[in-house]
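Engineer: can you look at this prediction? I've put the sequence above it.
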Amino acid sequence: MTQVSTNIRAARDVGRAGLAKRVFLGLSVMRQRRQLVELDDRQLRDIGLTAEQARAEARRSAWDVPQSWLR
């Protein structure tokens with residue numbers, strides 16, 4: 001019985017760590033997208049984006065990220 005409860009506790013801790021990781025990822029993505037729309041036209045050209053593309057990216061949800069980022 002001790003082994004089962006230990007395994008459940010370990011799985012719950014991993015779940016919490018995964019949740020915390022996703023929250024921090026979402027906050028980071030929000031910050032980056034907010035900064036993207038603050039770039040001027042010259043800076044946007046340097047990274048190969050138009051102002052409209054930057055605005056479109058900024059409108060995306062914080063959770064709308066590539067699946068590989070969630071691993």
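Structural biologist: All right, it came through fine. Numbers count the residues shown, from 1 in each chain.
Engineer: in the chain, which spans are helices?
Structural biologist: With helices called from DSSP state H, the chain shows them at 2-36, 41-46, 51-59.
Engineer: list of residues touching the second one?
Structural biologist: In this case it means helix 41-46. With contact meaning Cβ atoms under 8 Å, 6 or more residues apart in numbering, helix 41-46 is reached by 50, 51, 53, 54. The way it works is simple: take the backbone N, C-alpha and C, and place the C-beta from them, glycine included.
Engineer: relative to residue 23, how far out is the nearest residue to the first one once chain neighbours are set aside?
Structural biologist: When you say that, I think you mean residue 50. Distance criterion Cβ to Cβ, 6 or more residues apart in numbering; nearest residue to residue 50, sequence neighbours excluded, is residue 44 at 6.6 Å. Residue 44 sits 29 Å away from residue 23, going by Cβ to Cβ, to the nearest Å.
Engineer: neighbour-wise, which of these two wins?
Structural biologist: residue 44 (17 against 11; other Cβ atoms under 10 Å).
Engineer: now do that one against residue 54, distance only.
Structural biologist: Counting by Cβ to Cβ, the gap from residue 44 to residue 54 is 6 Å.
Engineer: and the pLDDT for the residue nearest to residue 50?
Structural biologist: Note on residue 44: pLDDT of 97.
Engineer: where's it relative to residue 18, distance?
Structural biologist: Residue 44 is 34 Å from residue 18, by Cβ to Cβ.
Engineer: quick one on the thing from earlier: derive a ChimeraX selection command for the buried subset of the contacts of helix 41-46.
Structural biologist: Per 16 or more other Cβ atoms under 10 Å, the buried members of the contacts of helix 41-46 correspond to this ChimeraX selection:
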select :54
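Engineer: check what pLDDT residue 13 gets.
Structural biologist: 56.
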